[in-house]
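*Asks:* Okay, here's the prediction I keep looking at, along with the sequence it came from:
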Amino acid sequence: MDKRFQNNSGQQSEHPPREMLLLFVDGELPAKETTQLETHLEVCWPCRVKTKKIQEAIADIIEFDEQVLTPRLNPPQDWRNFDRQLRQLAARSGRQSLTSRIFGSLNRFFPASNFFATALPRLRPIARSLAAAVALILVVALVLHFRPEPIVSASELLRNVTEAQAARIRSTAEPVVHQRLRVRRQDQSSGGEASTTLEIWNDTKNARIREFMLDSNQKVTWNDNASKTQAQKAPRSDVINELAQVLASNHMDPQRPLSAGSYESWHRTLQHQRDEITHSKLTGGIDALTLRTTPASPVNMGQFAEAVYIVRTKDWQPSELRLNVHSEAGNRIYELTEDLSEVLNLAEVDPKIFGDETVASALLPKASPQMSPPLAVSPQVMPLLTPPVATADQEVEALRLLNQVGADLGEQIAVKRAPNGTLQVAGIVETAKRKTEIINALAPLSNSPAVRIEIQTVAEAVAKQSNKRTPSPSTRAVEISGNTIAAEPDLRVYFAHEGEDVDAGIRRFSGRMVSLSNQGMDHLWAMKRLLSQFSPGELRALTPEAREKWLGLIRNHARSYQQNIHSLRRELQPVFFPGQSASEAPAQGERIVDVNELSRIVERLFEQGSSNDRAIRSAFTASTNGLTRTVIKAPQFWQSLNNAESMALRVSQAK
Amino acid sequence: MLLHRLRKRATTGVAAEVCVEAEFLAFDHDTLTLEEKVTRYFEQWRGLVHRYVVAAFGDPAAAEDITQEAFLQLYRSLHSGQSIANVRAWVFRTAHNLASNRLRSDQFIELLDETAWEDLRKTLRDSAANPEQKLAELEKFNRLRLAIARLTLAERQCLHLRTKGLRYKEIAEILGMGTSTIAETLYRVIDKLSQESNG
């Protein structure tokens, strides 16, 4: 092998050019040269030193980047606007182009790379064109063969409907949505039928909803002049009452039964389902898309065995909803067909329609012992025909309820927003008993259509996810073994002096230290999560009560953390820091009054707390590293505990 | 297959990030809609892209817009049928081009001017377990800060792309330069910064 190196100007040298050393460090050098350089480095001290210097320079840059630059370049937390922009873009763009689907298919067949970019350039131009043409024909044939109807996915369809509905509402100043629905119920066993027509008026700006039932001659037979007395005395139609119950118990929205948000809300409750989308024609030959959803697992009484949602293609207007409800006496089918849907300006609407504020909604189910009403009787403050959006206050409330049952410490329960604005409280817990506890704690929110609660036990999650890759629940095992603990010599001296059973004392003490530190970390994590839950913009938009509730949760965790650290110090002091005092009050800093400052302090507290936790673990759990004992005895560690306690105190007093 | 190929490449620390990318790409890739795919890409790389735009072009206010726009462009391109072999490099290039067009180099806002640095220095010193020991490190950071501020635009861009885990070939594509120029530039950066940081 040639032992000489060539520099950029072509001159030969005994030593490699310094640029080559950087390429080597960066793993960018071709294999042959790497071998040559490695051989050289084995024998050449100066080049080895130069390589080391490059590595040190890189280490300095990375440290600077991580400790100085990155904390100042904090990405905005308020990225949510992106979801909306992407949804709008997707709605505007419509279906993917044929070429896009073809390339998509190609990439599925050749996932490793871009087929055309890698395979074709090696061929001559004519051969390349021919190959491209043949490949195109082949792929078109495959696409047509395997996917004769390449249509939108279920989620795309529902999203398009939602977007279109929202756009229609946005284009009117004071929008009132007026809908006329034909509701038909059919018993599969008896063949019996019942039907009625329902009119819904929704004043979205003032959050007023009025519903009227019409008989076959389009004459109003219920709630005709919207007077309170008549409304209360008016008999509720069986069909409507039953439908309301059915919709509510399947997580659909009884006030917006045909909205995509309502369908999606039920759809999301299914663990496995089959969605089939086909082209269809409405009366008058209007093009439509039919989404047919069938749950893959057997359904219980009262649940949907199948749902069919028909949407006009040209304007994504929902046209029909068919629900096949499983029941003991044979299935019942409800058909809701939209006869009319218009968005009017409030000024165009007969004032009598909204004349009486107290008229109850016909589609709200009567309260029953098995099921509390899904929505309050008073009209909801939510725009019609858009998926229910959870408020930030509800988000804070969910966090508070979880905190009350200690479900925000170490358990895998996340409170987050779905792109459509609903709030998802999801997580995995150890036992069925714990699941019930958490679900009960969340009961005040469980009836809100904007909140989706999904708590599973580990066993349920494993069964459900057996085919999917999910993170397994993390468990922290702490091994306490009497004769391998790094801090053992000091503990042995201490407990012998105290006249206790030395081995038992060491085990108990070590276990307690690790456990205290563990609990402390749980509180630090909880604080960090709470801070990242809301963007600065969202925090500003919180009501004062909700903000105070949120801040209160952070303060509580800080207080608990401070107590943890205080206990740690009190117990560590006589053994490792006999000259210090554990009872001294932590230093008082300036009161935190600004969220940014709070965020910075919590971040620092988290770093310091994590480093303390590492020190505790290495000193009190099985370890072969004797050095760790000196860490726990170092005055810096004592100081670090003090600092952490002071910071926690400041956070616990934040305003 | 892709995962395997990238794992094989993941021999250095930098390539570990590429490996993460591969894990991500393998995740339910075929079952996701285009919108969902772009959302995942966005969630994974927005932080890095944003940090690059701020560090290299120095306008935090514009960086959020530019980052989002780069991912929306990704959606448009994939939607129109464009096949993108290296999505991460593509997004970085798009963000870089958008930033180059929108932000003039003389608009560069120094992220760490003297006042900001003094504040930060105080915070870092006070939070340290051993403030005296931290002083030496802070001095080194200060020299690096000043040295980075003196880099040319191209050098700064090269440096910040490299610290985000991009390989020379990817940086070359993003900046529209040859791979050997990137190697030379990066060496120059390392040389300048190591001289400065060692005083």
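*Replies:* Right, received. Where do you want to start?
*Asks:* List the residues that contact A:Ser517.
*Replies:* A:Asn564, A:Leu568, A:Asn612, A:Asp613, A:Ile616, A:Arg617 (C-beta atoms under 8 Å, 6 or more residues apart in numbering or on different chains). Where you see a C-beta, it was placed from the backbone N, CA and C, and this is true even at glycine.
*Asks:* any idea which of these is closest to B:Ala136?
*Replies:* For these, the residue nearest B:Ala136 by C-beta to C-beta is A:Asn612; the value is 23.0 Å.
*Asks:* Now do that closest one: how many residues are near it, please.
*Replies:* Neighbourhood size, A:Asn612 [other C-beta atoms under 10 Å in any protein chain shown]: 22.
*Asks:* do the one 5 residues further on as well
*Replies:* Using other C-beta under 10 Å, A:Arg617 is surrounded by 19 other residues.
*Asks:* Next secondary structure after the lowest-mean-pLDDT helix or strand in chain A?
*Replies:* The helix or strand of chain A with the lowest confidence, counting by mean pLDDT, DSSP states H and E, is helix A:228-233 at a mean of 38. Next helix or strand after helix A:228-233 toward the C-terminus (DSSP states H and E): helix A:238-249.
*Asks:* chain center to that next one, what's the gap?
*Replies:* 31 Å (C-alpha atoms, centre = their mean, to the nearest Å).
*Asks:* Please name every helix or strand in contact with that helix.
*Replies:* Counting contacts by 3 or more C-beta pairs under 8 Å, 6 or more residues apart in numbering or on different chains; DSSP states H and E, helix A:238-249 is packed against strand A:175-187, strand A:193-203, strand A:332-345.
*Asks:* and the contacts of A:Ser517, which of them are in helices?
*Replies:* Residues of those located in helices (DSSP state H): A:Asn564, A:Leu568, A:Asn612, A:Asp613, A:Ile616, A:Arg617.
*Asks:* possible to save those residues as a markdown table with pLDDT and distance to chain B?
*Replies:* Below are the ones in helices among the contacts of A:Ser517 laid out as a markdown table (pLDDT from 0 to 100; distance: C-beta to the nearest C-beta, whole Å):
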| residue | pLDDT | distance to chain B |
| --- | --- | --- |
| A:Asn564 | 83 | 19 |
| A:Leu568 | 85 | 16 |
| A:Asn612 | 88 | 9 |
| A:Asp613 | 87 | 14 |
| A:Ile616 | 86 | 14 |
| A:Arg617 | 82 | 17 |
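*Asks:* what ranges do the helices span in chain B?
*Replies:* All helices of chain B, identified by DSSP H, fall at B:2-9, B:15-26, B:34-57, B:60-79, B:87-102, B:114-127, B:131-149, B:153-163, B:168-175, B:179-197.
*Asks:* what's the angle between the fifth one and helix B:60-79?
*Replies:* An angle of 130 degrees separates the directions of helix B:87-102 and helix B:60-79 when computed by axes from the mean of the first three to the mean of the last three C-alpha atoms, to 10 degrees.
*Asks:* again, but for the last one
*Replies:* Here helix B:179-197 points in a direction 160 degrees away from that of helix B:60-79 (the same axes, to 10 degrees).
*Asks:* Name the residues of helix B:179-197 that come out as buried.
*Replies:* For helix B:179-197, a neighbour-count test (16 or more other C-beta atoms under 10 Å in any protein chain shown) marks B:179, B:181-194, B:196-197 as buried.
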